[in-house]
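[1] coordinates only, sequence not included:
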C-alpha cells in the first residue's frame, strides 16, 4: 500500500492551474471519502492498545498476524513498545471507545456496539466467515486438566460438549466444535466444587455454561477465576485448579502435562472507535500497526 503525499504548488499559471486544481481536488475528495471526510484527522498518531504478556488473546493474535517473530526455537514478541497495555477485554474496549485514534483487539464474542470491528483482508469477523475459514484471525477456546477429573468435573465437561452446551456456545457468538453433539445425560447424586481458572476471553461463555449446568446439578458449585490463559494452565498443572481455560494453543510444556480439548472456535476482532472511518485493514497493515511501523492513520488510506 502506498502512503499518499499531497503536494501543493504555490504558483502555477493558466490551464496548468486549472488542471492541477481539478486533479488535486479529485484525489483529495477520493481519499477523504475513503477515510470518512474532513472530521477525522488523518495525521494523528495511532494509539495502539494491546493485551498483557500471558494473555491468550495476545498470544494468538501476535502469532497469527506475524507480530511474534520466530527464529528456530526462539520467539520474540514485536508488539510496539509504546502500546498501552490492558489486562482484560473490557479495559481494551473502554480504551478504544474513549479514544478516536485508538486501535485494539478483543475476542469476537465480547464485541458490542461501543466499538467498531474492521474487516481483515476484506473479510468481516462473523460466525459464518470463521466456519468457512475465510476470516484470518481466529483461535480455539481450550479447556485443560491434569490427571483425572472428579466425577462432578467430568460431568460438567460432558455437559459443555453436549447438544445443550454447544447450543449455549453458539448463542454466545462462538463457532461450535461439535456439530451433532449428543444430548446431555445428567449423572445423579453429584455434589462438590469445581475450580475453573484462566482466560478472560473464555470466562464469559464459561459463566453461561456454569449457570445453565448448575440449574441441572444444583449441588455442584463452579468457581470461576478470570486471570489469563497462562495463569489458567499453570493452575491446572500445579493442581490449584481442576480445569484451566486457554484462548490459545497450549505450549509444548503444557501439552506434556495436561489433557486438553477445544470447546469452541473464536475470532479475534480488530477494533477502532465508532467514529473512526477506517473500515478494512490487511493482515500486513495490522502487523505494521501493532509493531509500530505504521504510526499515523494517514498511512492506512487505501
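    All right, it came through fine. Small disclaimer: the values here were computed from a predicted structure and weren't measured. Residues are numbered from 1 along each chain as shown.
[2] As a check, name the ranges of all strands in the stretch 101-250 of the chain.
    In the stretch 101-250 of the chain, strands defined by DSSP state E, counting those that start in this stretch lie at 102-107, 116-117, 119-120, 138-145, 175-176, 192-198, 220-226, 243-246, listed in chain order.
[3] per-stretch mean pLDDT over those strands, give me the minimum one.
    Of all these, mean pLDDT reaches its minimum on strand 175-176 (a mean of 90).
[4] Pretty sure residue 290 sits against residue 82.
    No - counting by Cβ atoms under 8 Å, no contact exists between residue 290 and residue 82, whose distance comes to 11.0 Å. Using the backbone N, CA and C atoms, a C-beta is placed for each residue, glycine as well.
[5] Mind listing the shared neighbours of the two?
    residue 48 (Cβ atoms under 8 Å, 6 or more residues apart in numbering).
[6] what about those two, which has more around it?
    Set side by side, residue 290 and residue 82 show more neighbours around residue 290, with 27 against 10, by other Cβ atoms under 10 Å.
[7] How about that one: what's its closest non-neighbour residue?
    Across the structure, with Cβ to Cβ, 6 or more residues apart in numbering as the measure, the residue nearest residue 290 apart from its sequence neighbours is residue 67 (5.5 Å).
[8] what's the spacing between the one you found and residue 159?
    Distance, residue 67 to residue 159, using Cβ to Cβ, to the nearest Å: 36 Å.
[9] again with residue 129
    Taking Cβ to Cβ as the measure, residue 129 falls 28 Å from residue 159.
[10] more neighbours, those two?
    Under the criterion of other Cβ under 10 Å, the comparison of residue 129 against residue 159 puts residue 159 first, with 23 against 18.
[11] give the contact list for the residue nearest to residue 290.
    Here residue 67 is in contact with 61, 77-79, 287, 290-291 (criterion: Cβ under 8 Å, 6+ apart).
[12] doesn't residue 184 make contact with residue 158?
    Yes - counting by Cβ under 8 Å, residue 158 does reach residue 184; the two are 6.9 Å apart.
[13] joint contacts of those two?
    A shared contact of residue 158 and residue 184, defined by Cβ under 8 Å, 6+ apart, is any residue touching both; here there are none.
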